[in-house]
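**Student:** next one to model:
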Amino acid sequence: MKLISLNAYGGFLWPAINAFLREQADSTDVFCLQEVTQLNDPNLPVISERGIDRRFYDNLKNALPQFDSHFAESTNRFDPISGKELFGFSEGVATFWKSEHKLHTKEEFHVFRDSESYDGKSNNTLGTNAFITEIETTTGRFAICNTHGTAFPAHKRDTNERLLQSKKILSKMKGRTGLHIITGDFNLYPDTKSVQLFSDNGYRNLITEFQITTTRGTMNRTLHPEFESGDYGFQEFADYTFVGADANVTAFSVPDLPLSDHLPMLLEIH
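**Tutor:** Sure, this is the predicted structure:
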């Protein structure tokens, strides 16, 4: 079973993402994507002021016709590319699984605030969420959690909210049938208690196990050179993949590809 996770930055680099997805589609069973956007208001311009097609989720479905999918809204009326309030527009996570695989259950839930919590002023009020699918492949049954944790405060250190976020995910995954995979953009540093909680509960942290040195990569510096002189500089970590202790992981990599301000995580389990 092959799974790819990517914070796709609202499709800002769509030509590269499109080519990557089509290249990987035949060999991949599940895609877990974060910062996926969906246009809800037909009266809004399809193309944004920065030249970005706002129909990102629709474009993803067109790129992956052999997959079923689900979009789980984390927040509405917010555009992650411009960082501005935008009514009739949603952001969330989307999971795609090969149509030939049997879907047993699915559940979406918020890990921080909710879809209506954004006050139009402070990004600290943006809701973030996760989506769990339980699917059956030829390799076996899997319980997969596609996660996007809160990005604020921007230091990516522990807060009470981030600790609760990890606890919520662990609680939702507890007792689920099949091999567990928890993946996505957690907006956390590796040495936080919020990350350690997964290891404490029997999960393997593949970022540390495979000695990954960055999940942000060179494109993050190209897109956001201002981060260099910011309060925290370039933060090399945000994304994680956790698997159950008995997972037969045959490959895990985080290639430095110019798809987003995050890097894709590629996991293979036999």
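
**Student:** who touches stretch 236-243?
**Tutor:** Stretch 236-243 is touched from outside by 5, 7, 156, 179-190, 195, 198, 203-207, 213-216, 249, 252, 254, 262-263, 265, 267, 269, with contacts defined as C-beta atoms under 8 Å, 6 or more residues apart in numbering. The way it works is simple: take the backbone N, C-alpha and C, and place the C-beta from them, glycine included.

**Student:** now, which of these lie within helices?
**Tutor:** Using DSSP state H, the subset of those located in helices is V195, F198, L206, I207.

**Student:** make sure the second one is actually in contact with N205.
**Tutor:** This means F198. Yes. The criterion here is C-beta atoms under 8 Å, and F198 meets it with N205 at 6.4 Å.

**Student:** re earlier: adding distance to F142, pLDDT and neighbour count, write the ones in helices among the contacts of stretch 236-243 out as CSV.
**Tutor:** Listed next are these as CSV, based on distance: C-beta to C-beta, whole Å; pLDDT from 0 to 100; neighbours: other C-beta atoms under 10 Å:
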residue, distance to F142, pLDDT, neighbour count
V195, 22, 98, 22
F198, 17, 98, 21
L206, 15, 98, 21
I207, 19, 98, 22
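
**Student:** from F87, how far out is the residue in the chain sticking out farthest from the centre?
**Tutor:** Distance from the C-alpha centroid of the chain, by C-alpha atoms, centre = their mean, peaks at N43 (28.3 Å). Separation of N43 from F87 (C-beta to C-beta, to the nearest Å) stands at 10 Å.

**Student:** the stretch 101-250 of the chain: strands as residue ranges?
**Tutor:** Along the stretch 101-250 of the chain, the segments classed as strands by DSSP state E, counting those that start in this stretch run 102-112, 128-137, 140-148, 179-185, 203-205, 239-244, 249-253.

**Student:** among those strands, which is nearest M1?
**Tutor:** Closest of these to M1 is strand 128-137, at 5.1 Å (criterion: C-beta to C-beta).

**Student:** partner strands of that closest one, parallel or antiparallel?
**Tutor:** Applying DSSP bridges to the sheet, strand 128-137 is found paired with strand 102-112 (antiparallel), strand 140-148 (antiparallel).

**Student:** would you mind finding the most buried of those?
**Tutor:** strand 140-148 (a mean of 24; mean count of other C-beta atoms under 10 Å).

**Student:** dump it to PDB, restricted to CA.
**Tutor:** Presented in PDB, the C-alpha positions along strand 140-148 are these (Å, rounded to 0.1, in the frame of the first residue of the first chain):
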ATOM      1  CA  GLY A 140      -5.100  -5.300   4.300                       C
ATOM      2  CA  ARG A 141      -7.300  -2.900   6.300                       C
ATOM      3  CA  PHE A 142      -6.100   0.600   7.200                       C
ATOM      4  CA  ALA A 143      -7.300   3.400   9.500                       C
ATOM      5  CA  ILE A 144      -5.900   6.600   8.000                       C
ATOM      6  CA  CYS A 145      -6.100  10.000   9.700                       C
ATOM      7  CA  ASN A 146      -5.400  13.000   7.400                       C
ATOM      8  CA  THR A 147      -4.500  15.900   9.700                       C
ATOM      9  CA  HIS A 148      -4.000  19.700   9.600                       C
END
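
**Student:** quick one on the thing from earlier: redo the strands paired with strand 128-137 as CSV? Include mean pLDDT and distance to S171.
**Tutor:** Putting those into CSV (pLDDT from 0 to 100; distance: least, C-beta to C-beta, whole Å) gives the following:
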stretch, mean pLDDT, distance to S171
strand 102-112, 98, 10
strand 140-148, 98, 11
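
**Student:** can I get the ones you listed in JSON lines with distance to N123?
**Tutor:** Shown next, in JSON lines, are the strands paired with strand 128-137 (distance: least, C-beta to C-beta, whole Å):
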{"stretch": "strand 102-112", "distance to N123": "12"}
{"stretch": "strand 140-148", "distance to N123": "14"}
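
**Student:** how about N76, nearest residue that isn't a chain neighbour?
**Tutor:** Nearest non-adjacent residue to N76, counting by C-beta to C-beta, 6 or more residues apart in numbering: S90, 4.9 Å away.

**Student:** let me know whether the one you found touches D79 as I believe.
**Tutor:** No. Counting by C-beta under 8 Å, D79 is not a contact partner of S90; they are 10.0 Å apart.
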